[in-house]
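Q: Need a 3D model of the following:
(2 chains)
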Amino acid sequence: ISEAEEQNALDLNLIKEFGRRELVDSLNAISGAKTLVLDPSLVGPLGLLTEVSLLKHHGVSKIFWLEASPLAAPTTAIIYLTRPTIGHIKAIANHIKQHSATSPPSKHLYYVLLVPRSSVLVKKIFEDEGVLGDVNLSTFEMGFIPLEDDLLSLERDSAFKEIWMNGDETVIYDSAQALVKLQRAYGLFPRILGKGDEAARLINLVTRLSPSSSPTAPLSSDKIDSLIVIDRKVDMITPMLTQLTYEGLIDELIGIKNSYVEVPASLLAQPTAPNSSQAGSSASGPSSTPLSSEKKKKHHLTAVNDTLFAEIRDLNFSAVPRKLQKAAHRLDEEYKNRLQSKSIAQIKEFVGRIGGIKADHQALNLHTGLSELIAPLTRTTIFDKSLEIQQNLLASYDPSGQITAIEDLIAQGAPLHLVIRLITLASLTTGSLKQKTLESLKREILQAHGYTHLPLLISLSSPSLSMILPNPLPSSYLKEMPNHQAPPKFPFTSARKSLRLFFEDLGDGGGGSGGGPVPSETVEGEPDISYVYSVWAPMSVRLVQCVAQKGAVLAPLNTPAPPGAWGDSATGGGAGGTTGGKKEKIRAHPIVGWKGFEDIVGNIPGETVDIVQLPSGASQGANGGSSGLHSLAQRDSLTTTTIVFFLGGCTFAEIAALRWMTKQSKGRRYVIATTGIISGRSLIESLGSINS
Amino acid sequence: LAFEESSRMTDPGARITGVTAAQKFFSEDKERAFEAKMVDEQNKLLVFQQQLEKETDGQIKFFGLSVNETIKVCLLNGMAKRAEKIRADFKVPDKRFWYTKLHALTQMRDFEGLDAF
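A: Numbers count the residues shown, from 1 in each chain, chains lettered A, B, ... in the order given. Just a heads-up that it's a prediction; the model follows:
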């Protein structure tokens, strides 16, 4: 990204600063030394926001986990920082009761900070437990946490489950609040687009919560050109697939939590390196358990300090070894240079760089180690087979054969989440599964993995999720639909065609391609976003392209666009004006809504939204119009940012695809915001967990 | 759901009653025939596992395992007949049974058994 583009880029650190200041303010509001009691699920996100030292600086003397066991706090003031879940609130109430039951009753002042906000239910529980008078309730609105310089997350891991399985809409409300907070920081989103019923609900909330009615209403943002909300339900196929980017695979196979990954400690052991402080730092800062007891160490995976990671995280895994090799060569050269350096000036220069080289060396060590961990996992029969099934299903190649293949996998003892993902995929791509096949599949699963998973299977085929549908549909299903009619089937084949979701490599016939990630020919310029899943372009991201990069949906960027497709008719910039094989960056066209794709997008279930937001002063139109023109004229020189919000979580591969889009177009940057980062595995596991 | 409740119970007796209760709920709903059947099967399995535990004098834990795991534990402990019985009772398809057996034999390092395959 050139400097000119940088200047108008969004500084997401602002958000981090906001969150940090708010936390400090609420800590400072309580005088004296205090004990902080943390909800374990908040530790990860908080660790991204602040450090223990900062907390200590503001009078926190001890930090505990929030647990049901009795609490012995040395200070008078106790601060609880927790999400408003019933279990946690009850635990707090118990602490208070225990303290007053001891003789002499220990005197404490209780402060409960609820993240992100309080609820009537919380008060009710405290009241029922008879301790409402003893606690001071307040809230800590955490909002978005920047994970990378282009990635914001609410870190709500179970958002998908809460919305679509439990019908709990708090996440939607919280997302809306967080988005409104963004508006407060950067100005009103000039345009909001969305796809999906829940996305529509969210947008509705955002517009209602927007402070546009107040006199201090923010002006339209000149940095952000639009907000695009994609609801996870719209594209259930993508998370069911195995991600094939480096970061995605790490998440699939090892697991990334709050952007920390657990790796064997040996990979990180490089204590002599001067820059090791960041790499070796552990995530569990405030934990009281000794770190040495765990064999595995947590590593903060981020591109901020790790340039090598920035290079490889979004690559298809098949391309990663080559990149690592290159990096190794480069380092080798650097070291050789040292031997060759003769003059004092040269040596001095080298010494100056040594810190950077050491850090690079360490990063290389880590990523080679990680790839070594992953590579054998990608070579197992089950992994290969599941990829093959996925790709065949996406190509609609011999669906019944794939069902048999899935049965084989169950028989071989493939992990539960994998099997369920494949069945879901089969159900989504073919529309539904025959009742009989489905029942035998379910039976296989229950026998192989235990009957305790029956509730999971039931909820997967419930109307609100409808991830697995039998054919014919049971009548109770229809009863729950608004007009007693079968919901519109997901038009997989037509969507696949019109959105070019399935991208077949030349010479790599779609059907039998399977077996391992298809290596892409070019490492540098992937021709299309579909590289992140080898053959599949994430539909969610394609929808974003429908709004912001129309040319890419119509034709692969490296082939000339069909004449008159989107050329000059769209904008002065010309989205379709791709020039042959040359990798000339295409000027991003202004956001004009779903224009050109209304039919296609309309065919996909879920509401479609397109709203233009005007600042209150400009609501008369004249002003708004002129400012619109003004910004349009400016666009040639400025970079705008499009925020893409995934309601219900997104995968690393989708993030990679959006980053690819940032690289492709000049004048527009994408910032990804999400309720949390998911993988098919975490998604299924969250749905399957019985408690909470 | 009574079913979820039952899965949390650790006491064998209570668990079976819980599962039976769940089965009743499912069977009341015509469309849950499949689920009712499954829960019924689970019940059968639990009872069978109890019986197995009795046979082995409580030496080996069976209760609450899945069908596959039960077969595997049976094989690991030289109770091949029992494993065959489960296979018949629960209509375990050949494919899955043989894979399970294969895994069990490898785990035991029973190369003669593997050879006899």
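
Q: rest of the way, CA atoms for contacts and neighbours
A: Will do.

Q: Next secondary structure element downstream of the longest helix seen in chain A?
A: The longest helix of chain A (DSSP state H) is helix A:344-378. Next helix or strand after helix A:344-378 toward the C-terminus (DSSP states H and E): helix A:381-394.

Q: next helix or strand past that next one?
A: Counting by DSSP H and E, what follows helix A:381-394 is helix A:399-411.

Q: does any bit of that following helix sit next to chain B?
A: Yes - contact between helix A:399-411 and chain B, assessed by C-alpha under 8 Å from any C-alpha of the partner chain, occurs at A:Asp408, A:Ile410, A:Ala411.

Q: TSV please, covering those residues and showing neighbour count and pLDDT.
A: Formatted as TSV, these follow (neighbours: other C-alpha atoms under 10 Å in any protein chain shown; pLDDT from 0 to 100):
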residue	neighbour count	pLDDT
A:Asp408	17	79
A:Ile410	25	77
A:Ala411	22	75
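
Q: if we take these, which one ends up nearest to A:Arg191?
A: A:Arg191 lies nearest to A:Ile410 out of those, by C-alpha to C-alpha, at 47.0 Å.

Q: quick one: that closest one and A:Glu444 touch, right?
A: Yes - counting by C-alpha atoms under 8 Å, A:Glu444 is a contact partner of A:Ile410 at 7.0 Å.

Q: got any ranges where chain B has weak pLDDT?
A: Low-confidence segments of chain B, defined by pLDDT under 70: B:1-36, B:56-64, B:78-79, B:90, B:92-93, B:95, B:105-117.

Q: same thing but 50
A: Scanning chain B with the threshold set as pLDDT under 50 gives B:1-2, B:4-11.

Q: Which helix runs longest in it?
A: Per DSSP H, chain B has its longest helix at helix B:33-55.

Q: Report all helices and strands that the helix or strand following that one contacts.
A: Using DSSP H and E, the helix or strand that follows helix B:33-55 in sequence is helix B:67-76. Under the contact definition 3 or more C-alpha pairs under 8 Å, 6 or more residues apart in numbering or on different chains; DSSP states H and E, helix B:67-76 sits against helix A:435-449, helix B:80-89, helix B:94-108.

Q: Could you quantify the relative orientation of helix B:67-76 and helix B:33-55 as an angle?
A: Using axes from the mean of the first three to the mean of the last three C-alpha atoms, to 10 degrees, the inter-axis angle of helix B:67-76 relative to helix B:33-55 is 20 degrees.

Q: Show the backbone phi and psi for A:Cys650.
A: With angles defined as degrees, to the nearest 10, A:Cys650 sits at phi -140, psi 170.

Q: Am I right that it is in contact with A:Thr674?
A: Yes - counting by C-alpha under 8 Å, A:Cys650 sits close enough to A:Thr674 to count as a contact (6.5 Å).

Q: helices and strands around the helix or strand hosting A:His417, which ones?
A: Using DSSP H and E, A:His417 falls within helix A:416-430. Secondary-structure packing of helix A:416-430 (3+ C-alpha pairs under 8 Å, 6+ apart): helix A:237-240, helix A:381-394, helix A:399-411, helix A:492-498, helix A:680-688.

Q: and A:Glu148, what are its bridge partners?
A: Here A:Glu148 sits in beta bridges with A:Leu151, going by DSSP bridges.

Q: Need the per-residue pLDDT for A:Lys585.
A: Predicted confidence (pLDDT) for A:Lys585: 51.

Q: swap that for A:Ser464, sorry
A: pLDDT, read off for A:Ser464, is 65.

Q: same thing with A:Gly581?
A: For A:Gly581, the pLDDT comes out at 33.

Q: Would you check that A:Gln447 makes contact with B:Asn68?
A: Yes - contact status for A:Gln447 versus B:Asn68: in contact at 6.3 Å, counting by C-alpha under 8 Å.

Q: circling back: can you put the helices and strands packed on helix B:67-76 in a markdown table and add mean neighbour count and distance to A:Lys123?
A: Compiled in a markdown table, the helices and strands packed on helix B:67-76 are given as follows (neighbours: other C-alpha atoms under 10 Å in any protein chain shown; distance: least, C-alpha to C-alpha, whole Å):
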| stretch | mean neighbour count | distance to A:Lys123 |
| --- | --- | --- |
| helix A:435-449 | 19 | 41 |
| helix B:80-89 | 15 | 53 |
| helix B:94-108 | 17 | 53 |
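
Q: For A:Val131, give me its contacts.
A: Residues in contact with A:Val131 (C-alpha atoms under 8 Å, 6 or more residues apart in numbering or on different chains) are A:Ala93, A:Ile96, A:Lys97.

Q: List buried members of these by neighbour count.
A: Neighbour-count burial within those applies to A:Ala93, A:Ile96, A:Lys97; the criterion is 16 or more other C-alpha atoms under 10 Å in any protein chain shown.

Q: Which of those sits closest to B:Arg87?
A: Nearest member of the buried ones among the contacts of A:Val131 to B:Arg87, counting by C-alpha to C-alpha, is A:Ala93, at 51.2 Å.

Q: for the closest one, helix, strand, or coil?
A: At A:Ala93 the chain is in helix, as set by DSSP: H, G, I helix; E, B strand; the rest coil.

Q: Could you pull up the residues touching it?
A: Residues counted as contacts of A:Ala93 (C-alpha under 8 Å, 6+ apart) are A:Phe126, A:Glu129, A:Val131.

Q: Now, these that are in helices?
A: A:Phe126.

Q: Nearest to chain B among the contacts of A:Ala93?
A: Nearest to chain B among the contacts of A:Ala93: A:Glu129, at 25.0 Å, using C-alpha to the nearest C-alpha.

Q: quick one, phi/psi of the closest one?
A: Note on A:Glu129: its backbone torsions stand at phi -80, psi 0 [degrees, to the nearest 10].
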